[in-house]
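**Q** 3D model of this:
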Amino acid sequence: MTGVLVTGGTGKTGSALTELLRGDGVPVRVASRNPAAGDPDAVRFDWADPATHREALRGMDRVYLVPPVNTVDPMPLVGPFLAEAERLGVRRVVLLGSAVVLPNAPGALELAARVRARPGWVVLRASGFMQNFLGSHPLGERIRRHGEIRTAAGAGRLGWIDARDIAAAASALLSAPVAEPGTEPAVEPGGPRDYLLTGPKALSYPDAAAIITARTGRPVRVLDVGADELESGYRAAAMPAEFAAALAAVDTGIKSGREDLVSTAVLDLTGRPPRPFAEFVQDHATEWASVAEQPGSC
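**A** Here you go, the predicted structure:
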């Protein structure tokens, strides 16, 4: 193995993946827009700056690919990167895709299809991140500040997954044998080029709110709102208008039951089951303290 380029290397899954790979002695190059000055394996990477792509890929034979966020069409930015990866002979790409398909967003499907078409390249279709309930996401920030969840999903359920379990699944694939160029693909865990990643149980927003309340003592209520109101909230959080509309429309799909899916892929790839939501909440219990309870707050 030459090494793994981790795009989004300081993000939710990328940072956890980097830690796992380094723990297993796998050479890693951590790519991000703002690389850590003290990390000799960190490199600047910007989707909007193709000049950074070749340098990031240089000498790497595997890639963990986190597409640009907050866009309904990643292909204009990711397409040239994949072409460069192919030209340089990258033997495995593990794409962080989504199990939740954004409405009117064919670019994400096109990207996944392009990755699946290459021998040894794999797509992880991850369900909603449990980390969305934390303060760095508009959902989590609203819980922290107001003790409420606004949703148009009703009682619809989603197979929420911990980002650490996504990282573990990616690590298994990026550490697995890959065939030399021009030969048949080596045996890999499970064999397919597409994995649906979920937590152990599908939960509704009311289910999640009840677990947070019970485990932390912080009351969290769920307010049913329309998709239009939800979209306005996302736009107020500085999301691009087109992406905010698509994300709000996802709640309609959840409400219809379309996203009520659970898989065994995490267990199949890593040998252990995914973390339940209650365990995730326990691990992050202090992060749901109200603003008034935060040190140094007014």
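**Q** Residues contacting the helix or strand containing Ala278, please?
**A** Here Ala278, judged by DSSP states H and E, is contained in helix 277-283. Helix 277-283 is contacted from outside by 130, 133, 160, 162, 199, 201, 203, 207-208, 211-212, 215-216, using C-beta atoms under 8 Å, 6 or more residues apart in numbering. C-beta coordinates here come from the backbone N, C-alpha and C atoms, glycine included.
**Q** quick one, strands of this protein?
**A** Using DSSP state E, the strands of the chain run over residues 4-6, 28-32, 42-44, 62-65, 92-98, 122-126, 148-151, 157-158, 194-197, 203-204, 221-224.
**Q** Nearest to Thr52, out of those strands?
**A** strand 42-44 (5.6 Å; C-beta to C-beta).
**Q** hang on, the earlier thing: make TSV out of the strands of the chain and add mean neighbour count and mean pLDDT.
**A** Output for those, formatted as TSV (neighbours: other C-beta atoms under 10 Å; pLDDT from 0 to 100):
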stretch	mean neighbour count	mean pLDDT
strand 4-6	28	98
strand 28-32	25	97
strand 42-44	17	96
strand 62-65	27	98
strand 92-98	24	96
strand 122-126	24	97
strand 148-151	20	96
strand 157-158	24	98
strand 194-197	20	96
strand 203-204	20	98
strand 221-224	15	96
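**Q** between these, which gets nearest to Thr270?
**A** strand 194-197 (10.4 Å).
**Q** Contacts for that closest one next, please.
**A** 99, 112, 116, 122-127, 161, 165-166, 169, 261, 263, 265-266, 269, 274.
**Q** change it to 10 Å
**A** Under the criterion C-beta atoms under 10 Å, 6 or more residues apart in numbering, residues 94-99, 112-113, 115-116, 122-127, 159, 161, 165-166, 168-170, 173, 189, 261-266, 268-269, 274 lie in contact with strand 194-197.
**Q** rewinding a little: Throw the strands of the chain into a markdown table and include distance to Lys255, thanks.
**A** Output for the strands of the chain, formatted as a markdown table (distance: least, C-beta to C-beta, whole Å):
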| stretch | distance to Lys255 |
| --- | --- |
| strand 4-6 | 35 |
| strand 28-32 | 35 |
| strand 42-44 | 41 |
| strand 62-65 | 31 |
| strand 92-98 | 18 |
| strand 122-126 | 20 |
| strand 148-151 | 9 |
| strand 157-158 | 10 |
| strand 194-197 | 20 |
| strand 203-204 | 9 |
| strand 221-224 | 10 |
